[in-house]
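Engineer: how would this look folded up:
(chains A and B)
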Amino acid sequence: MNRVDHRGRRRSAAHESFLRHAGYRYLKIALLLTAVCVGIYVGTDASPVRNGGSAAGYGLGALATFLVIWLAFLGIRKRAITAGRWSLKAWTSAHVYLGVAVLVISLLHSGFQFGLNLHTLALLLLMLTVVSGVFGAIVYAVIPKLMSDNRGQLSGEQMIEAVQAVDAPLRQAARRLSEADALLVSEAIEETQIVRGVFGRILAPDKNCPTAKALAMMRRQSVRAGPLDGIEDKDDDVSERATRERVTLLLERRSAMLARARRHARYRALLEVWLYAHTPLTFALLGALVGHVVSVFYMW
Amino acid sequence: MFANISYVSRRGSRRVTEDTRQVDADVLIAGRGGDCHIQLSDLAVRLAHVRISQVRTGRILVEGLGGGRFILSGRPQIRAEIDLGSGASLQIGQHVLTLAADESGLTVEVEEKKRQSRRNVGQKGDPFSLRGTWLSKRFASWVLATVVVLLGLAAPIVVYSEEAGNEKHSAAGVGAADSRMSAFLEPVQSRGHGGIEGAAGVLWSSGTLSSAHRSLTDDCTLCHALPFVSVRDETCLSCHGEIRHHGDPNKLQAFSPKLSAGAASLLSISSFLGRDAERCSACHSEHNPSVSLSSTAQESCASCHGEVKIDGLEAAADFGRQHPEFRPTLSAGAGADGAPTVTRIATIADLQRSRAERERLLAAQGGGGECDGFEPGKANFRGSDGAPLGASGSGDRSGLVFPHKVHLAVDGCVSALISRLGSEAPYGAALTCADCHTADEAGQLFEPVRMEDDCAVCHSLVFETSRGVNRVLRHGEPLEVIAAMNDFYRAQTIEGVLRSEADARVRPGPAGLRPGALRETAFAFASTRAQERVEAIFSSGGACFGCHEITRPEGGRIEDVKVAPVTLQERFLPKSSFPHSKHSTSACSTCHEAETSNTSSDVLLPSVKTCQTCHGGEHAADKTPSTCLTCHGFHSHSETVPLMRTRAAPGMFFSARPERVWADLR
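Structural biologist: Below you'll find the model as predicted:
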């Protein structure tokens, strides 16, 4: 569904991914640019070998350098929000497609010559930067939908509250449990970490979860019911059983709430973690690029 | 014991009593269980945790049940008697029990402490964001970028500028170019390389050096003398100063093809940056281990030679498709001053045509028979047509008479002679090419044929045998030959005369010839005999005449005889190289039509078409790809061509103006 904005331009109301922005305009531009560069690489005579030292090589290198610097500017650009042709979405779309193109252009610039030196380090850093960026683009394309499905209408804070909301009734219900079981439940309440560390939350969100452990124990013991120690309780086993069932139910509920919060944490981490590689790699790349360019002309 | 139990909690700084109970019992049980007197809703507390009993008024006994502990005065206890005179405070799990006693009984105040640790969220702020974790974009960015720039850029620059400073210092007062050159020749160890310079070199090097320059690997500033200035020709020429140009530079300039606008503008940018098209490194590109140090692309030659006819040379752009016929350098006999001359007019195709014509004429005359006029045992053969073929027509005028056909025939007069000589001749049943032509050490061409080594086995210079001793003529010295023969026959005569005079003294009887008359007659005979024999070897059927072109002025003395100088060409195609060793799998006759050649004037080189059956241009797919440099060199060997010289490019990058470069190198 389209609507017309106050300047008379038709704007789509439907959400459009940054990848398909403006009918894949920047994908087309990047493909065209890459094709032109491949044409230059193949079509020009660069004797004795094709590398960065030929006229075409210098040209491709200059283009790649310009593109890398422009791509790095997204970090500054994204802090200013504008609309229209130069909207952040347009800029991001161009960033993604030209970022992949710059990898191809750099490889052409290198003439596929590699070695254990600063020049190849720059290329390696560029590759890693682009790969981390591609990972980021993929998670940005895939994760938001999953995240939205997972969260329902809840905010992150509400998800944590949903976990904690079970604590009081659970504590209440567990009052009549035996010492060992009560301790397990107590640990489940006190020691369960909803969001684990950086790698834990992504790779194994449920590892060593006291809540899961308590739940497993409760389920295992649900058929057995020993006498309460200390004071002789002459109530029949029914109340004992009811207590266990209620605790189990509450632990199950807590587990479900935990799982949802942890999925949320995992998605959030995936959305963010690549940038912790992409940004430092970008700066390392900029350093290596300066080194590469200066060293090449220093030893011209 | 009567007890008043109140449950309190804190709301901010206010204490609020939530619930109060009165109990009258012998003992008070405190625990988690629903039937305890004092209820502690803490899962860490046992169902029945402690029992409190009164010892006497104002003194109580607290006992842990089933191992339940409590904290009194900061210490965990299992059993304690407490005097409540000034009150007491017990801690069980999260609960604090404040106890006091008065006349009415015991007062117990139960307060649950606020839970402090909530590890379950793990971090401050938004617990789902990575922002609060140990990860840091900024820190990692700074560290990585700094390490890369310091190690990859700053450290090598420091190393190289120190190195350059040291060299300048040590080269004070000495031509820097010379000092560089001597540095090249020093053993690598004594230059103190490897180490940190080597590491910096590895980091910056864009590829390994060619094998010729491999020993300079750790010494970047030897060639990269000035920072931000492209490697200068001066640096190359400090070692390679004897290299000559391709031709006269002014002529080369005149023949340079017109460049396209794009190429011209690229060239002018390049020149402006101090990298003109004619610099050494334009063709000799280093740090490219996968290719030859010298550019072999045929386009570099074809850009000039492909279109224009330069200095009488025909256009050549691709060996397979566009290459002119070979035009060999041939002997042209003696010049006006008697010195040998060469000609380079006829192409192989021309020569092959005239050879075919000559063969045709010879056949028409009925000549061309293999051994016409040959008498075994005498060096009297003179060629099939009975005329000194080497002197006539176009072809190579080496001064020799030599029909390859006769020598190579399997069942001919030469093979007959070889079989007659038997083990004296170091040959097989018939002669082969290798019996006379020996490859040179480089495997390129062949050693020059020498009479003594290659001909004399058959072509004997023995002119007499006296008392079992062969008398041999000296080859190559006609006047000495004449003198030696005269001397020999005179000596023979003297010997005869002396013998007859001795006989006369002892022999009685009437006197015969007077001794004086006998001597006169004998010496006259010796002179005539010597004259005849000398005449014979320089005439048809004679030993010299068989192989050499001999002229004698009409009516002149025998001493005036002229043997044409022998000028065998060592290289018929001096502007190209041809490694015969690389072609040893092919028979000689694949390229050289020697078996049918009747005269030494025949040029037995193959046509370019023969080469083209196997070799194509640089981009040939179905033939051996060959570039111009496969056969030709760029730098001239002619002494008339000037040495490569340094050029002052019109403009240069930064401060590297030509004067500066020179100043730095001097």
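Engineer: can you tell me how far B:Leu400 sits from B:Phe545?
Structural biologist: 12 Å (C-beta to C-beta, to the nearest Å). (Each C-beta comes from the backbone N, C-alpha and C, glycine too.)
Engineer: show me where pLDDT drops low in chain A?
Structural biologist: Flagging of chain A using pLDDT under 70 yields the residue ranges A:1-15, A:45-47, A:81-85, A:222-238.
Engineer: Break it into its domains for me.
Structural biologist: Residue ranges for the domains of chain A, per automatic domain parsing: A:2-113, A:156-224+A:237-272.
Engineer: could you redo those domains as JSON lines and give each row mean neighbour count and distance to chain B?
Structural biologist: Formatted as JSON lines, these follow (neighbours: other C-beta atoms under 10 Å in any protein chain shown; distance: least, C-beta to the nearest C-beta, whole Å):
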{"stretch": "domain A:2-113", "mean neighbour count": "16", "distance to chain B": "4"}
{"stretch": "domain A:156-224+A:237-272", "mean neighbour count": "19", "distance to chain B": "4"}
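Engineer: who wins for proximity to B:Ala434 among the ones you listed?
Structural biologist: Nearest of the domains of chain A to B:Ala434, taken as C-beta to C-beta: domain A:2-113 at 38.9 Å.
Engineer: Domain-wise, how is chain B divided?
Structural biologist: Using automatic domain parsing, the domain parsing of chain B gives B:2-112, B:139-223, B:330-458+B:566-602.
Engineer: Rebuild the domains of chain A as TSV, extending it with distance to A:His278.
Structural biologist: Below are the domains of chain A laid out as TSV (distance: least, C-beta to C-beta, whole Å):
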stretch	distance to A:His278
domain A:2-113	10
domain A:156-224+A:237-272	11
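Engineer: where does the residue nearest to A:Arg219 when sequence neighbours are not counted sit relative to A:Leu170, distance-wise?
Structural biologist: Take A:Arg219 and drop its neighbours on the chain: the residue closest to it by C-beta to C-beta, 6 or more residues apart in numbering or on different chains is A:Thr248, 6.3 Å away. A:Thr248 sits 10 Å away from A:Leu170 when distances are taken as C-beta to C-beta.
Engineer: Ok, B:Phe2 next?
Structural biologist: Computed as C-beta to C-beta, the B:Phe2 to A:Leu170 distance reads 35 Å.
Engineer: circling back to that earlier point, the residue nearest to A:Arg219 and A:Ala216 touch, don't they?
Structural biologist: No - using C-beta atoms under 8 Å, A:Thr248 is not in contact with A:Ala216; the gap is 10.2 Å.
Engineer: related to what we said a few turns ago, where does the residue nearest to A:Arg219 land in three-state SS?
Structural biologist: Assigned with DSSP: H, G, I helix; E, B strand; the rest coil, A:Thr248 falls in the helix class.
Engineer: any idea which helix or strand comes after the top helix by length along chain B?
Structural biologist: Ranked by residue count and defined by DSSP state H, the top helix of chain B is helix B:478-506. Using DSSP states H and E, the helix or strand that follows helix B:478-506 in sequence is helix B:515-537.
Engineer: what does that next one contact?
Structural biologist: Contacts to helix B:515-537, defined as C-beta atoms under 8 Å, 6 or more residues apart in numbering or on different chains, come from residues B:463, B:473, B:481-482, B:485-486, B:488-490, B:492-493, B:496-497, B:500-501, B:504, B:513, B:542-545, B:558.
Engineer: What average pLDDT does it get?
Structural biologist: Averaged across helix B:515-537, pLDDT comes to 84.
Engineer: Report the angle between that helix and helix B:478-506.
Structural biologist: Relative orientation of helix B:515-537 and helix B:478-506, computed by axes from the mean of the first three to the mean of the last three C-alpha atoms, to 10 degrees: 150 degrees.
Engineer: residues contacting residue 284?
Structural biologist: You didn't say which chain, so I picked chain A. A:Leu125, B:Ser141, B:Leu144, B:Ala145, B:Val147, B:Val148.
Engineer: not what I meant, chain B
Structural biologist: For B:His284, the contact set (C-beta under 8 Å, 6+ apart) comprises B:Cys236, B:Leu293, B:Ser294, B:Ser295.
Engineer: Can you tell me which of those residues comes closest to chain A?
Structural biologist: Using C-beta to the nearest C-beta, B:Ser295 comes nearest to chain A of the contacts of B:His284, at 5.0 Å.
Engineer: Run through the residues that contact that closest one.
Structural biologist: Applying C-beta under 8 Å, 6+ apart, we find B:Ser295 in contact with A:Ser47, A:Pro48, B:Ala282, B:Cys283, B:His284, B:Ser285.
Engineer: could I get those residues as JSON lines with distance to B:His632?
Structural biologist: Output for the contacts of B:Ser295, formatted as JSON lines (distance: C-beta to C-beta, whole Å):
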{"residue": "A:Ser47", "distance to B:His632": "17"}
{"residue": "A:Pro48", "distance to B:His632": "17"}
{"residue": "B:Ala282", "distance to B:His632": "18"}
{"residue": "B:Cys283", "distance to B:His632": "14"}
{"residue": "B:His284", "distance to B:His632": "16"}
{"residue": "B:Ser285", "distance to B:His632": "19"}
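Engineer: can you redo those as CSV with secondary structure and distance to B:Leu90?
Structural biologist: CSV is the format used below for these (DSSP: H, G, I helix; E, B strand; the rest coil; distance: C-beta to C-beta, whole Å):
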residue, secondary structure, distance to B:Leu90
A:Ser47, coil, 93
A:Pro48, coil, 91
B:Ala282, helix, 95
B:Cys283, helix, 97
B:His284, strand, 94
B:Ser285, coil, 90
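Engineer: Can you pick out the most distant pair from those residues?
Structural biologist: A:Ser47 and B:His284 (11.7 Å).
Engineer: follow-up on the earlier one: just the ones in helices from the contacts of A:Ala284, please.
Structural biologist: Among the contacts of A:Ala284, DSSP H puts A:Leu125, B:Ser141, B:Leu144, B:Ala145, B:Val147, B:Val148 in helices.
Engineer: isn't the last one right up against A:Leu289?
Structural biologist: This means B:Val148. No - B:Val148 is not in contact with A:Leu289 according to C-beta under 8 Å; the separation is 9.3 Å.
Engineer: quick revisit: list buried residues within the ones in helices among the contacts of A:Ala284.
Structural biologist: Those of those that meet the buried threshold are A:Leu125, B:Ser141, B:Leu144, B:Ala145, B:Val148, by 16 or more other C-beta atoms under 10 Å in any protein chain shown.
Engineer: Sweet, I'm off.
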